[in-house]
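K.L.:
Return a 3D structure for these sequence lines:
(one chain, ligands or ions: 1)
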Amino acid sequence: MKRYLDCNATCPPVQAALDAVAKAATEAAGNPSSLHWAGRAARRIVDDARDRIASYVGAESGSVVFTSGGTESNNIAIHSAIAPHQPGRIVCTAIEHPAILKPLQRLADQGCEVIRVRPDHNGVVSAESMLAAINDQTRMVCMMLVNNESGAIQPVGDVAANCRQRGIPMLVDAVQALGKVPFDFRQLDVDFMSLSAHKIGGPKGVGALLVKRGVKLQELAPGGGQERGRRSGTENVPGIAGFAAALGEIDFSSFAPIRDAFEQQLATQIPEVRFVAEQAPRTANTSLFVLPGMDGETLLMQLDLAGFAVASGSACSSGKRDPSHVLLAMGMNESLARSSIRVSFAPGNSMADADALAAALVQSRNRLKGMAGLAT
Ligand SMILES: Cc1ncc(COP(=O)(O)O)c(C=O)c1O
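P.N.:
Presented below is the predicted three-dimensional model:
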């Protein structure tokens, strides 16, 4: 039996999104920039989706710029706030997604000072430590609302208030927060916010950048001037329709009893397990844990053979497995960071799935310990 528990990597599409994609692809096949009836039908779909997304996140419709997803949204925001070779400081958390850390590294290579603020032992980067890193040279602040590995919710509101006062552009990566944590773009009053459809049961390869009124965007790929000259390229009409249709379809809070029961079972049967961000406010579908002495990749492969799709905390870059930068930033050593597994519950998962996964994990851990000649 196959069980999918890797929703933070991508969430299986919900039926409403699949229906909307199919409908838009067949019934509105025109180019939204065309003036004729077919173009107008496609334009209506894009505009309706824009209105729906805007109202869901408390933004004006004019703030929503459709993109290919979270990675592009983050890159456009950074590219818009910081000119190449511009000196000054950028402050981010050390636990951002690579879609922020990598473009910032490029700017660091060009002479920008990039300060990566570390989290506490619960995986939360405090507002105080962010504010302590912001100085008069700071040109931009980047902070995720929810961490993709641990699910830990970050205190972006206090940092946003300070940036607003000081006139510093702030980007909030809300890719993992959408649908899971309430927020209001207008109230937060930041310059940029990134969203992605596939984390909430929408299609892959579509997302949005929310932009505060009056803030100018620099196009990454200049072209036909779509999205009011802010993001060129013919809009992904079916994807956009699917994105809007997915909003609110999944009740992510409903996973809390399943996740808690899963953690309870693991804690009872594997005494050495350590749950990451356990004491932090975190999203209800996510459980990140380390199993000291185990190799997360090996465990993942064993679970895969048993039909379970989960994630290990490590990232794959150029063929080699790096330990999770999030766990390293929390002060864990490499070996502990390599022992991590992330379970992120997805629609359709039941208590029985959580029980079965816990049992499979206990079995794998006992087998691996047995092979290593250790007492279980
Ligand atoms: C926090 C965060 N930001 C950005 C991204 C990138 O989003 P996309 O896959 O839509 O490019 C992800 C995806 O895992 C993410 O978790």
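
K.L.:
any idea where the helices of the stretch 151-300 of the chain begin and end?
P.N.:
Ranges of helices within the stretch 151-300 of the chain are 156-166, 185-188, 226-229, 237-246, 256-269, 296-305, based on DSSP state H, counting those that start in this stretch.

K.L.:
I115 is nearest to which of the ones you listed?
P.N.:
Among the helices of the stretch 151-300 of the chain, helix 156-166 comes nearest to I115, with 13.1 Å by Cβ to Cβ. Every C-beta, even on glycine, is put in place using the N, C-alpha and C of the backbone.

K.L.:
now that closest one, how far from the chain's geometric center?
P.N.:
Relative to its chain's centre, helix 156-166 lies at 21 Å (Cα atoms, centre = their mean, to the nearest Å).

K.L.:
and if you look at stretch 208-215?
P.N.:
Centre to centre, stretch against its chain (Cα atoms, centre = their mean), the figure for stretch 208-215 is 19 Å.

K.L.:
when you give positions from now on, start the count at 18
P.N.:
OK, 18 is where the count begins now, so the last one is stretch 225-232.

K.L.:
For it, which residues meet the burial criterion?
P.N.:
225-229 (16 or more other Cβ atoms under 10 Å).

K.L.:
tally of neighbours for H114?
P.N.:
Residues near H114, counting by other Cβ atoms under 10 Å, number 21.

K.L.:
returning to what we had before: any idea which of the helices of the stretch 168-317 of the chain is most buried?
P.N.:
Greatest average neighbour count among the helices of the stretch 168-317 of the chain goes to helix 254-263 (a mean of 27), per mean count of other Cβ atoms under 10 Å.

K.L.:
Okay, helices next: where are they in the stretch 18-167 of the chain?
P.N.:
Going by DSSP H, counting those that start in this stretch, the stretch 18-167 of the chain shows helices at 32-44, 54-74, 87-98, 115-126, 144-150.

K.L.:
Looking at the stretch 218-367 of the chain, what residue ends up closest to the ligand?
P.N.:
Of all residues in the stretch 218-367 of the chain, G224 sits closest to the ligand, at 5.0 Å by Cβ to the nearest ligand atom.

K.L.:
Chain neighbours aside, what residue packs nearest to S341?
P.N.:
Using Cβ to Cβ, 6 or more residues apart in numbering and skipping the chain neighbours, the partner closest in space to S341 is G330 (3.5 Å).

K.L.:
Contact residues of this protein facing the ligand?
P.N.:
Proximity of the chain to the ligand, by Cβ under 6 Å from any ligand atom, involves residues 86-88, 114, 116, 161, 165, 190, 192-193, 213, 224.

K.L.:
so K19 makes contact with A326?
P.N.:
Yes. Look at K19 against A326 with Cβ atoms under 8 Å: they come within range, at 7.4 Å.

K.L.:
So for the two, which residue has more residues nearby?
P.N.:
Taking other Cβ under 10 Å, K19 and A326 do not tie; A326 has more neighbours (16 against 8).

K.L.:
Return the distance of the nearest residue to V207 once chain neighbours are set aside relative to D268.
P.N.:
Excluding its sequence neighbours, the residue lying closest to V207 (Cβ to Cβ, 6+ apart) is M187, at 4.3 Å. According to Cβ to Cβ, to the nearest Å, M187 and D268 sit 29 Å apart.

K.L.:
Neighbour count: those two, which is higher?
P.N.:
M187 (27 against 11).

K.L.:
Export the helices of the stretch 18-167 of the chain as a markdown table, with columns for mean neighbour count.
P.N.:
Formatted as a markdown table, these follow (neighbours: other Cβ atoms under 10 Å):
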| stretch | mean neighbour count |
| --- | --- |
| helix 32-44 | 17 |
| helix 54-74 | 18 |
| helix 87-98 | 24 |
| helix 115-126 | 18 |
| helix 144-150 | 17 |
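
K.L.:
Which of these sits closest to D321?
P.N.:
helix 115-126 (23.1 Å).

K.L.:
quick one: low-confidence parts of this structure?
P.N.:
Residue ranges of the chain with pLDDT under 70: 331-337, 390-393.

K.L.:
Give me the longest strand you can find in it.
P.N.:
strand 155-161 (DSSP state E).

K.L.:
picking up where we left off before, the residue nearest to S341 touches D339, doesn't it?
P.N.:
No. Using Cβ under 8 Å, G330 makes no contact with D339, being 9.9 Å away.

K.L.:
Give me the more crowded residue out of these two.
P.N.:
More crowded of G330 and D339, by other Cβ under 10 Å: G330, with 28 against 15.

K.L.:
List the contacts of the closest residue to R61 other than its chain neighbours.
P.N.:
The shortest distance from R61 to any non-neighbouring residue, by Cβ to Cβ, 6+ apart, is to A45 (7.4 Å). If a contact means Cβ atoms under 8 Å, 6 or more residues apart in numbering, then A45 has 55, 58-59, 61-62, 254, 258 as its contacts.

K.L.:
Roughly how far does E289 sit from A371?
P.N.:
Using Cβ to Cβ, we find E289 at a distance of 20 Å from A371.

K.L.:
ok, these two, which is more surrounded?
P.N.:
A371 (26 against 13).

K.L.:
which residues does the more buried one contact?
P.N.:
So A371 contacts 275-276, 278-279, 282, 362 (Cβ under 8 Å, 6+ apart).

K.L.:
Could you list the buried residues of the helix or strand harbouring it?
P.N.:
Per DSSP states H and E: A371 is located in helix 368-388. Neighbour-count burial for helix 368-388 flags 370-371, 373-375, 377-379, 381-382, 385-386 (criterion: 16+ other Cβ under 10 Å).

K.L.:
returning to what we had before: so which of the helices of the stretch 18-167 of the chain is nearest L308?
P.N.:
Of the helices of the stretch 18-167 of the chain, nearest to L308 by Cβ to Cβ is helix 115-126, at 24.5 Å.

K.L.:
Please name the nearest non-neighbouring residue to F269.
P.N.:
In space, F269 is closest to K197, 4.3 Å off (Cβ to Cβ, 6+ apart).

K.L.:
Nice, that's everything, thank you.
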